[in-house]
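> below is the sequence, then the predicted model.
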Amino acid sequence: MSHAPRSLFRRSLAAVFAVLFLCWLFLVARELIDIRVLQVNNGQAENVLWAELALERARDTHADAAQLDQALLALEGMREREWRLKGHRAPFRLLQVLRRDAVLTELLPDLTGRDRVLPQESVPGQDARWLYTEVSDATRELVVRRWQERPGDWHFSLAGLSYYARPLLYGLPLLALPLWLLFRLGFAPLKRIGAQISARSAQDLTPLPATPYGELAPLVNAVNS
């Protein structure tokens, strides 16, 4: 059973599209890395913001442990509402308020059934799984330490995926016609030589006409010799 002859034209066209697709994958990978870095930077900025807000509450309520806890829990409720409005779970956090190195209060996250553990470190900030920040008020001798889980989950959606797929889906059809014409015209001289050879009989020793293309000259010379 004979197989249909392969097309050098289709092979070249497929190679170009394969290279374009690999370039697109590389750019998407770069974008995803940038997104991960941005997630960490935004997470740390949020960590610092809520630590500073906690310090403000502690300035006014640190003299009364009950009031301090109430103020910090109210602040935590605000944070959770903000994340619910975003459609995501609020990142786990650990908060400590200290005065003269004594812990006034501590808010621990509920990690029951989660694959997270509290920071495992001898010095605050050592655990790479948690973002850490520390803010202080030297006048009142207050220190707020705050840990927030490092972003580790991707929040992809169909809309988000389509953002990266659209350039490829729109670009390939626009490139298809120019590339098809480019290769069609580029392979036309070779195709004509093939047609001339196929049209000749075995007894026809007439030399092929000279070609102006340097790449095809060795082929024509080999046939003519």
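Good, I have the coordinates.

> only C-alpha atoms for contact and neighbour calcs from this point on.
OK.

> after the longest helix seen in the chain, which helix or strand is next?
If you go by DSSP state H, the chain has its longest helix at helix 8-61. The helix or strand immediately downstream of helix 8-61 is helix 65-86, counting by DSSP states H and E.

> got the buried residues for that next one?
Using 16 or more other CA atoms under 10 Å as the test for burial, helix 65-86 gives 68-69, 71-72, 76.

> who are the packing partners of that helix?
helix 8-61, strand 102-107 (3 or more CA pairs under 8 Å, 6 or more residues apart in numbering; DSSP states H and E).

> ranking the ones you listed by mean pLDDT, which is last?
Mean pLDDT per stretch puts helix 8-61 lowest among the helices and strands packed on helix 65-86, at a mean of 84.

> centre of the chain to it, how far?
Averaged C-alpha coordinates place helix 8-61 at 5 Å from its chain's average position (CA atoms, centre = their mean, to the nearest Å).

> just want the angle from it to helix 65-86.
160 degrees (axes from the mean of the first three to the mean of the last three CA atoms, to 10 degrees).

> so which elements touch helix 8-61?
For helix 8-61, the elements it packs on are helix 65-86, strand 130-137, strand 142-149, helix 158-199, judged by 3+ CA pairs under 8 Å, 6+ apart.

> rerun at 6 Å
Helices and strands in packing contact with helix 8-61 are not found; criterion 3 or more CA pairs under 6 Å, 6 or more residues apart in numbering; DSSP states H and E.

> same question for stretch 50-67: list its buried residues.
Using 16+ other CA under 10 Å as the test for burial, stretch 50-67 gives 50-52, 54-55, 57-58, 61-62.

> low-confidence bits of this protein, can you list those?
The chain contains residues with pLDDT under 70 at 1-8, 152-165, 168-169.

> dead centre of it: give me the residue that sits there.
residue 32 (0.8 Å; CA atoms, centre = their mean).

> quick one: that residue from residue 40, how far?
13 Å (CA to CA, to the nearest Å).

> next: residue 142.
Using CA to CA, one obtains 27 Å as the distance from residue 142 to residue 40.

> tell me which of the two has more neighbours.
Using other CA atoms under 10 Å as the criterion, residue 142 and residue 40 rank with residue 142 on top: 21 against 16.

> still on that earlier bit, which of the buried residues of stretch 50-67 lies closest to residue 82?
Nearest to residue 82 among the buried residues of stretch 50-67, counting by CA to CA, is residue 50 at 12.2 Å.

> picking that back up, closest to residue 100 among the buried residues of helix 65-86?
Once CA to CA is applied, the member of those that ends up nearest residue 100 is residue 68, at 16.3 Å.

> pretty sure that closest one is touching residue 61, no?
Yes: counting by CA atoms under 6 Å, residue 68 touches residue 61, with 4.9 Å between them.

> thinking again about what came up before, now tabulate the helices and strands packed on helix 65-86 in JSON lines and tack on distance to residue 190.
Shown next, in JSON lines, are these (distance: least, CA to CA, whole Å):
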{"stretch": "helix 8-61", "distance to residue 190": "10"}
{"stretch": "strand 102-107", "distance to residue 190": "77"}
